[in-house]
Structure formats: C-alpha cells, structure tokens
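Undergrad: sequence first, then the predicted structure:
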Amino acid sequence: MIFGYIAALAMGMVSFENVGAAGWFQFTMPMHFGMKFELTSIISMLIMYVVSSVEAIGDFTSTAGGGLDREPTRREMCGGIIGNGIASIIGAFMGGLPTATFSQNVGIVIMTRVVNRCVLGLAAVIILAAGFIPKFASLLTTIPSCVLGGATVSVFAMITMTGIKLITKEKLTARNTSVVGIAVALGIGVIQANGCLALFPDWAKTIFGESAVVIATITAVTLNLILPEEETQEEEVQENAVQMNVS
C-alpha cells in the first residue's frame, strides 16, 4: 500500500483538498436524534443484531483458527459477543447502527498471523483517531480506490478460503451441502435481483436487500433447524442390531 500510494501521488491521483477543509476535532452528541420506539424499527434492529452476532461468531472462529490454529474457547466467544453487543449499545446512543466485526480484518490476521493485543490495540486507537479527528480521517480517504483494491485482493481471498476451510471441516453430506448451498444461493441471488423486494416495505428492503449476509444467515439457521439430522453409520448399525434382536 505504501508503494502504491507513492506511485499514485507521483501520478497526480491523490488530492488533499478534503484534508484542508476538514476540522481538527469533532464529537457526536449522545441521543442527537432523540429516542422513539417504533415496532418496525425494533424488529429491524433485532434482526440486524442477531445477524451481526452470527457474523461475529464466524469471524471469531476464523480468527482463532487462522491466527492461533485452534478453536476459540467458550469464554473467548462469549466475551467477544458481549463486547460487540456493548459497543453496539454505545453506538446506538451515538446515533449509529450495530457494530460489525468486519471480516476483512479476519483476512489480515490470517494472512499476517499477528494476534498480539498491543498491535490490535494500536489499530483500535487509529480507528478512534479517525473518528474524532476529521483531518486524520480525510487523510486516510486520500488513498486511491485502486490502491485499496489491490491491497485487499489477497485479504478477501484469504477470507474466502478460510470460509471454505470451515465448511469442509464437517462432512459434506447431502444435508450440509443443502444448508450451505441454498443459503449462499439465496444470499447472492437476492442482492443480484433485489427488484424482487420492490413489493415489500422500505425497512424490509433495507435489511434483506442491502446485504447478502442477512439472507444467507437466516436461511442457514432455518434450514439447520428444520432439516432432519442424518443418521451416522454407528447409529444405523445399532438400529439394525436392535431390529435383529427383536425379530
């Protein structure tokens, strides 16, 4: 990214106009938009929080597997979900949406295998500085999209392969492939053909038509609950033995 930014700067693709126009410090006042309880908004936020938690579980599992070569412990998983929930509550008081764990960060951890808390804490400080110091945030936005795109190709490739790795840990039975296949197909399909949501209310289009994660998550969870479990070979042997004893 450094070499790409220098090259873009030499080619005149970087503009610092927004940096000069930005202020030095800003802070969002709590409850700026007030508080109002609406049923549609409550249902929308409830779905978004559930999906965000499911996404967080996948990201924590991928991070622990890619960076530490192990599954996250129950305590680590609970702590991560609770921390994400607390951050979402604070964000709500500031007028923001539920926070996300951002899967691209998982790809960076898997690629670099850097899981040191000091490094991750420094990254958090940089993000906070970008939120409170507009000039610093504007400086980050001067990075051309082509440079960011080139840098993130390998990151998202690692995310994809990590997801495939997690899926293939389980046996690819007819049930498992149906759950994963239908969830992925619907998630991508609805985004590509979001005109099918034109008859639904605006809140439904916002939740289900903007992100493939929502549709894929709901579909996968629902299918996992309603599809019957497949009998293992041991269970089949025991069942046959019982039938033979009865006869």
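TA: Ah, there it is. Numbering: from 1, shown residues only.
Undergrad: so for the helix or strand containing residue 58, mean pLDDT?
TA: Using DSSP states H and E, the element containing residue 58 is helix 39-68. When pLDDT is averaged along helix 39-68, the result is 79.
Undergrad: hmm, who's touching the next helix or strand after it?
TA: Per DSSP H and E, the first helix or strand lying C-terminal to helix 39-68 is helix 74-93. Under the criterion C-beta atoms under 8 Å, 6 or more residues apart in numbering, residues 30-31, 49, 52-53, 56-57, 60-61, 64, 72, 97-99, 101 lie in contact with helix 74-93. To be clear about C-beta, it is placed using only N, CA and C from the backbone, and glycine gets the same treatment.
Undergrad: run the chain-centre distance for the helix holding residue 58.
TA: 7 Å (C-alpha atoms, centre = their mean, to the nearest Å).
Undergrad: ChimeraX command for the buried members of the contacts of helix 74-93?
TA: The ChimeraX selection below is limited to those of the contacts of helix 74-93 classed as buried (16 or more other C-beta atoms under 10 Å):
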select :49,52,53,56,57,60,61,64,72,98,99,101
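Undergrad: max pairwise distance over the contacts of helix 74-93: which two?
TA: Taking C-beta to C-beta as the measure, the contacts of helix 74-93 reach their widest spread between 31 and 64, a distance of 36.5 Å.
Undergrad: count residues in the vicinity of residue 35, would you?
TA: Using other C-beta atoms under 10 Å, residue 35 has 7 other residues around it.
Undergrad: can you tell me the SS state at it?
TA: coil (DSSP: H, G, I helix; E, B strand; the rest coil).
Undergrad: can you tell me how far it is from residue 95?
TA: 11 Å (C-beta to C-beta, to the nearest Å).
Undergrad: point out where this protein drops to low pLDDT.
TA: 192-199, 203-211, 231-247 (pLDDT under 70).
Undergrad: so what's the residue nearest to residue 173 when sequence neighbours are not counted up against?
TA: Counting by C-beta to C-beta, 6 or more residues apart in numbering, residue 173 lies nearest to residue 230, which is 5.4 Å off, once chain neighbours are set aside. Going by C-beta under 8 Å, 6+ apart, residue 230 touches 173-175.
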